[in-house]
Structure formats: structure tokens, C-alpha cells
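>>> this one's sequence-less:
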């Protein structure tokens with residue numbers, strides 16, 4: 001047992017005595033300690049630093065990719081843990097506890113940055129950063145926050161030593177979450193889902209321990225592979241720890257079951273005018289292989305096409321007024337898709353959507369009511385409100401998701417039908433982002449007390465329930481600018497349609513056409529790469545492969561770029577939980593749930609004018 005683990009075992013024993021008969025106090029102590037530790041390693045394991053370390057190691061590129069993927073997924077695990085624990089502490093209550101949680105997270109971030117610099121970046125590359133990091137770590141030593149045993153190991157050492165250091169740290173984390181799980185079961189008031197998440201974190205940390213043990217045994221003190229280990233044997237051993245620690249190409253699930261990250265053909269069609277829209281769309285469905293996808297899914301689940309359950313995740317709940325149709329997918333094209341599926345033999349088709357934050361402020365915002373308002377005649381398909389049909393599900397990866405919409409879960413064939421839209425934070429909002437909120441409400445993953453980030457929440461859902469076909473529509477009214485995802489008084493008419501089997505590949509092509517040269521600038525797509533891989537090298541564009549012009553991204557111009565930069569922190573912390581940022585709703589159809597106070601109404605009006613959240617008159 002290492003010195004770090006020995007010290008923690010002593011702390012645990014001391015706390016058991018100190019908090020005997022007060023399990024809640026001991027649990028809070030563990031959660032605060034765990035938050036600091038999770039934030040520390042989520043910063044310390046970040047890809048930007050470890051990638052530089054791996055590049056300096058004398059190993060083949062293939063081995064470097066295998067190790068990088070394993071460390072990348074460990075980093076994402078720890079990042080999810082930190083967000084979950086912080087949210088739990090913020091939800092528990094008192095202002096004092098909230099301040100303690102934020103202070104611990106800040107301390108963890110500083111400690112993580114300092115340790116990563118000291119362990120991976122030599123003096124010759126970053127003398128000022130190392131000097132600052134050494135100062136932080138010395139302050140930690142003098143105040144008792146950093147033990148002498150840890151202080152002695154905060155320096156650039158062989159990669160093997162770094163891994164052995166983290167074996168001890170991960171074992172300590174596993175013991176922390178094991179005790180937290182035990183305590184949470186000992187008294188009432190802790191939801192079963194929370195207990196399961198604590199247990200999941202214990203399992204994750206145990207897997208991280210196994211991973212670092214494996215890596216330590218695979219390298220010598222010169223950062224070279226030991227005899228008998230090569231790229232394939234290393235990848236195979238890592239896959240035994242968990243399939244997500246290896247790249248998408250090395251995982252066992254076949255592309256037909258989960259096409260995300262596999263690439264393939266992306267079809268792009270462009271029409272001259274509105275009269276060409278429907279024929280062009282039908283031809284695109286055929287060219288992109290929708291009939292083949294139906295047959296393949298039928299064979300996969302051993303059903304006839306007529307017996308397949310098909311779910312189409314459309315995008316129309318951001319709609320707010322008939323005078324601005326830019327936030328919703330074209331009703332005529334959505335109906336054409338339903339009729340095409342029916343013509344191909346599918347008899348059980350559900351068009352699914354979920355309620356969003358607008359129903360916090362306005363009435364009559366159920367999915368069927370909004371669909372009816374926009375004149376969506378989708379027979380013979382049924383319209384399903386996933387917010388009303390949540391069923392429990394134990395997700396293989398991720399945190400804070402415990403349910404999913406029944407129609408999406410039970411579907412044999414899933415289709416994402418999104419819209420070409422700009423987004424103030426993610427640059428674009430396309431077919432992958434369209435899949436949010438099929439489980440818990442999307443606003444549960446936005447505000448300060450969230451227990452998972454929105455991007456990770458989407459990946460959690462589509463990892464277990466991926467789309468098998470993706471469509472993007474940007475024909476007559478595509479919203480651009482800073483807040484295109486919410487609407488646009490002067491939308492563009494790109495006359496573009498996109499389709500493909502891999503939603504990530506479809507979004508990469510569309511994002512490039514919308515001026516996002518690096519899709520990693522989009523948080524959703526960057527997270528998708530982490531979970532499923534980067535499909536760009538395996539993607540072939542069929543049809544139009546040119547930029548959409550004109551198109552205004554959210555960062556075109558100084559003012560817009562500044563607003564884009566601060567959009568997320570302002571919305572998550574200072575928006576009145578979204579109440580300030582709502583478009584000019586058709587209040588005859590969607591009356592206010594509660595009449596807004598004069599100050600709120602005035603602020604909304606000013607922001608609508610400033611940010612373009614008013615429809616064209």
C-alpha cells in the first residue's frame with residue numbers, strides 16, 4: 001500500500017470515530033474531499049498536457065494512439081465525476097456548503113494544473129509555468145494540503161512512475177467512493193439513483209487503477225515498451241479493462257448496431273428553388289440508402305419491415321411563432337419522410353420530441369400541442385412526447401441519466417432529423433445536438449447545480465441508443481447569427497439537405513460548410529469524438545461539397561464573438577434559470593404560465609431587441 005493510500009486510510013478511520021452516529025456529516029466530508037480530488041485529476045489528466053508528454057516518448061505512433069485513448073477516457077470519467085459531485089453538493093443546500101464545494105473545486109483545479117505541469121512539462125519548455133506550479137505546490141505543503149510523500153513525486157519522472165503514482169491515487173479514490181456508497185445506504189433520504197452513481201464512480205476508479213497498473217507494467221524507465229508488448233497486445237489488455245478505453249475501431253460492437261464515428265458516405269443535395277425541395281429530398285433518401293438501412297435493421301432484429309418500430313427525432317420544440325419557422329424542421333419535409341417510410345413498408349413510425357425550458361414560462365407547450373400549432377400533419381405516424389414516457393434505464397457509461405423515452409428506447413430503427421442552425425456556444429446545432437433531452441430534461445444539464453454537462457448527457461443517451469440514420473434540413477429557412485438555435489428574424493435559404501448513416505460524420509461535413517473548419521470548436525462534436533472517434537478520415541462526401549454562402553456564424557464580428565464567449569456562463573448563472581432569454585412567443589397560442597413581473601418583462605424586451613430574438617414583422 002502506497003503512502004497516499006495509507007494516509008487516506010488513517011483519515012477514514014479518524015472520521016469514523018469523529019462522526020460516529022452522524023453519517024450525513026461523514027458523507028459530506030467525503031463528498032467535499034472527493035470533489036477536490038476529482039477536479040484535481042480531471043485537470044491533471046487533460047489531453048492537452050498528456051498529449052505533449054506522449055509525443056516525447058520513444059514509442060511507435062500506433063502505441064501512442066492506444067495510450068492516448070485510454071488516458072483520454074480516464075480524463076472524461078474524472079471530469080464527469082467532478083461535475084456530478086459538485087452538483088450533488090450544490091443541491092444539498094446551505095450557502096455554507098455551496099461555498100465549501102466551490103472552494104474545494106477551485107483548490108482541486110489549482111492542484112491539478114500544478115501537478116500536471118510539474119509531472120509532465122520540463123523546465124526548458126515552460127519555466128514560468130513550472131515556477132508558478134512549484135509555488136502553488138509549496139503553499140499546499142506548508143498548509144498541509146499536500147503531503148510530503150506527494151511533494152517528493154511532483155517532478156518529471158519516467159511515464160512508468162507517473163502511472164504508479166496514479167495507481168495509488170486511484171485506489172484511494174475507489175476507497176473514498178466505496179465508503180460514500182456505504183454511508184449513503186445507511187440512512188434515508190438518499191435516492192437510489194444517487195447511490196448507484198456513487199457505486200459507479202467506485203467501479204470507474206477501480207478500472208482506472210487496473211489501467212494504470214497495466215500501463216506501468218508495459219513501459220520501462222526509458223519510456224519504451226517492455227519486451228513482449230506491442231500495439232496490439234497493449235490494446236487487447238486495455239480492452240479487457242473496458243471497451244471504452246480503446247478507440248472506436250477496436251470495440252466489438254458492429255457498425256450496423258452503432259454507426260457513430262464510423263464515417264462512410266455523407267450525401268449533400270442542393271436545390272435551386274422551393275419547387276425542387278420535395279423531389280430532391282426523396283432522391284436524397286434513396287441515394288443515402290434509407291431503404292437499405294430499413295432492410296438491414298429488419299434483418300438485424302429478425303423482423304419484417306412492417307413490424308419494425310421506427311422513431312424519428314424531429315426538431316420543432318424550439319418553435320415559438322409562425323412568423324419565424326427557422327428553428328423548426330420543415331413540416332413538409334418531415335411529412336415526406338414519414339410517407340417515404342410508410343411507402344417502404346414501415347407501419348409503426350413515431351415522430352418523437354421532448355419539452356424544453358419554454359414550458360417553464362408558457363402554457364400549452366406539450367409536444368402534440370406545438371406540433372399542431374405548426375400544422376404538422378404527420379399521419380400515419382404518431383407523435384410521441386418523450387417527456388411523458390420516461391422509463392428507467394441503467395446506462396453503460398456517463399452520469400446523471402437514469403431514464404429514456406420509451407419510444408426511442410424501444411425503436412428498432414432510429415433517425416435524427418435536425419436543422420442547420422448556429423449556436424452561441426457550440427458554433428452549430430445539428431443532428432447530434434438534436435438528440436438531447438430524450439432522457440432527463442435538457443435544462444437539468446445547463447445550470448450551476450447540474451450533475452452532468454449537456455454534451456456528456458447527450459453522449460450517454462446515444463451511446464446506448466444511437467441513431468442509425470441522420471438527416472439535416474436547411475432549405476428555405478435556416479437560422480444563423482449568434483442565437484440561430486432559438487430563431488432568426490432574417491433566416492438564410494441555403495437550399496441544402498444532408499443525409500448519412502453516421503450522424504457525427506454528417507455534422508462534421510455540415511459544420512465545415514457552415515464555416516467551422518475544426519469541428520472540435522463545437523463542444524458537442526468534440527465530446528462525440530472522445531466517445532465514438534473522429535470519422536473524418538473515413539468520410540466521403542457525395543454531392544455538393546462547398547461552403548454555404550452567405551452564413552453568419554456566432555463569432556463573426558467583435559461584438560458577436562464577445563457575446564459568444566460569455567454566453568454559457570451568463571446563461572447558466574445569471575439568466576434567472578433561462579427566464580430572461582426567451583423569444584417573442586405567440587402568447588395567443590402559448591399564454592404565459594405566470595404573468596411576468598414588470599422588471600422581467602422589460603429585461604426580456606431589451607434582450608430580444610439586442611440579441612435578435614424577435615420575429616420579422
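Structure's in. What do you need? Computed from a prediction, not measured in an experiment: that's the story for all the values here.

>>> against residue 304, how distant is the spatially closest residue to residue 305 that is not a sequence neighbour?
Counting by CB to CB, 6 or more residues apart in numbering, residue 345 is the residue found nearest to residue 305 once chain neighbours are left out, at 3.9 Å. Bear in mind the C-beta positions are built from the backbone N, C-alpha and C, glycine included. According to CB to CB, to the nearest Å, residue 345 and residue 304 sit 8 Å apart.

>>> which of these two has more neighbours?
residue 345 (15 against 9; other CB atoms under 10 Å).

>>> and the more buried one, that's in a strand?
No. According to DSSP: H, G, I helix; E, B strand; the rest coil, residue 345 belongs to no strand; its state is coil.

>>> I'd guessed it sits against residue 294; true?
Yes. With contact defined as CB atoms under 8 Å, residue 345 reaches residue 294; the gap is 7.2 Å.

>>> what sits in contact with each of these two?
residue 305 (CB atoms under 8 Å, 6 or more residues apart in numbering).

>>> ok, and the closest non-adjacent residue to the residue nearest the centre of the chain?
Closest to where the C-alpha atoms of the chain average out (CA atoms, centre = their mean) is residue 455, at 1.9 Å. Distances taken as CB to CB, 6+ apart place residue 527 nearest to residue 455, at 4.0 Å, with adjacent residues excluded.

>>> contact partners for the residue nearest to residue 305?
Counting by CB under 8 Å, 6+ apart, residue 345 has contacts 294, 304-306.

>>> now do residue 81
34, 38, 42, 201, 204, 399.

>>> can you list the weak-confidence ranges in the stretch 101-250 of the chain?
Where the stretch 101-250 of the chain drops to pLDDT under 70, the residues are 145-149, 151.

>>> for residue 330, give its distance to residue 612.
With CB to CB as the criterion, residue 330 and residue 612 are 21 Å apart.

>>> just want to know which of these two has more residues nearby.
Each of residue 330 and residue 612 has its neighbours counted (other CB under 10 Å); residue 330 has more, 23 against 19.

>>> helix or strand next in line after the longest helix along the chain, which one?
Taking DSSP state H as the criterion, the chain has its longest helix at helix 61-92. Note on helix 61-92: by DSSP states H and E, the next helix or strand toward the C-terminus is helix 95-120.

>>> go through that following helix and flag the buried ones.
Using 16 or more other CB atoms under 10 Å as the test for burial, helix 95-120 gives 97-98, 100-101, 104-105, 107-120.

>>> just checking, what packs against that helix?
helix 23-44, helix 47-55, helix 61-92, helix 127-142, helix 159-184 (3 or more CB pairs under 8 Å, 6 or more residues apart in numbering; DSSP states H and E).

>>> buried sites along stretch 374-386?
Going by 16+ other CB under 10 Å, stretch 374-386 has these buried residues: 374, 376, 378, 381, 383-386.

>>> with stretch 305-313 instead?
Applying 16+ other CB under 10 Å to stretch 305-313 flags 305, 308-313 as buried.

>>> for stretch 343-358, same thing?
Neighbour count says stretch 343-358 has 344, 346, 348-358 buried, by 16+ other CB under 10 Å.

>>> same deal with stretch 564-571?
Per 16+ other CB under 10 Å, stretch 564-571 contains these buried residues: 564, 567, 571.

>>> now do the domain split for this protein, please.
Following automatic domain parsing, the chain resolves into domains at 3-250, 264-611.

>>> with distance to residue 258 added, can I get these in JSON lines?
Formatted as JSON lines, the domains of the chain follow (distance: least, CB to CB, whole Å):
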{"stretch": "domain 3-250", "distance to residue 258": "9"}
{"stretch": "domain 264-611", "distance to residue 258": "5"}
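
>>> surely residue 385 touches residue 367?
Yes. Counting by CB under 8 Å, residue 367 is a contact partner of residue 385 at 3.7 Å.

>>> identify the contacts common to these two.
Shared contacts of residue 385 and residue 367, counting by CB under 8 Å, 6+ apart, come down to 352-355.

>>> with distance to residue 46 and secondary structure added, can I get these in TSV?
As requested, these are arranged in TSV below (distance: CB to CB, whole Å; DSSP: H, G, I helix; E, B strand; the rest coil):
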residue	distance to residue 46	secondary structure
352	36	strand
353	36	strand
354	32	coil
355	35	coil
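
>>> just the element for residue 349, please.
Using DSSP H and E, residue 349 falls in strand 348-353.

>>> could you identify which of the contacts of residue 81 has the most neighbours?
residue 38 (29 neighbours).

>>> residue 594 looks like it's in a helix, true?
No. Secondary structure assignment (three-state DSSP) places residue 594 in coil, not in a helix.

>>> ok, the closest residue to it other than its chain neighbours - contacts?
Leaving out its chain neighbours, the residue that sits closest to residue 594 by CB to CB, 6+ apart is residue 361, at 7.8 Å. Taking CB under 8 Å, 6+ apart, we find residue 361 in contact with 578-579, 582, 592-594, 596.

>>> mind doing that once more with 7 Å?
579, 582, 592-593 (CB atoms under 7 Å, 6 or more residues apart in numbering).

>>> of the buried residues of stretch 374-386, closest to residue 67?
residue 386 (39.2 Å; CB to CB).

>>> hmm, residue 409 and that closest one touching each other?
No. The criterion here is CB atoms under 7 Å, and residue 386 misses it with residue 409 at 9.5 Å.

>>> how about the nearest residue to residue 449, chain neighbours excluded?
Nearest residue to residue 449, sequence neighbours excluded (CB to CB, 6+ apart): residue 90, at 4.1 Å.

>>> just give me the neighbour total for that neighbour.
Around residue 90 there are 17 residues (other CB under 10 Å).

>>> before we move on, back to that, just the contacts of residue 81 now: which is nearest residue 607?
Out of the contacts of residue 81, the member with the shortest distance to residue 607 (by CB to CB) is residue 399, at 32.4 Å.

>>> any buried residues in stretch 281-293, and which?
Quick answer for stretch 281-293 (16+ other CB under 10 Å): 281-282, 284-285, 288-291, 293.
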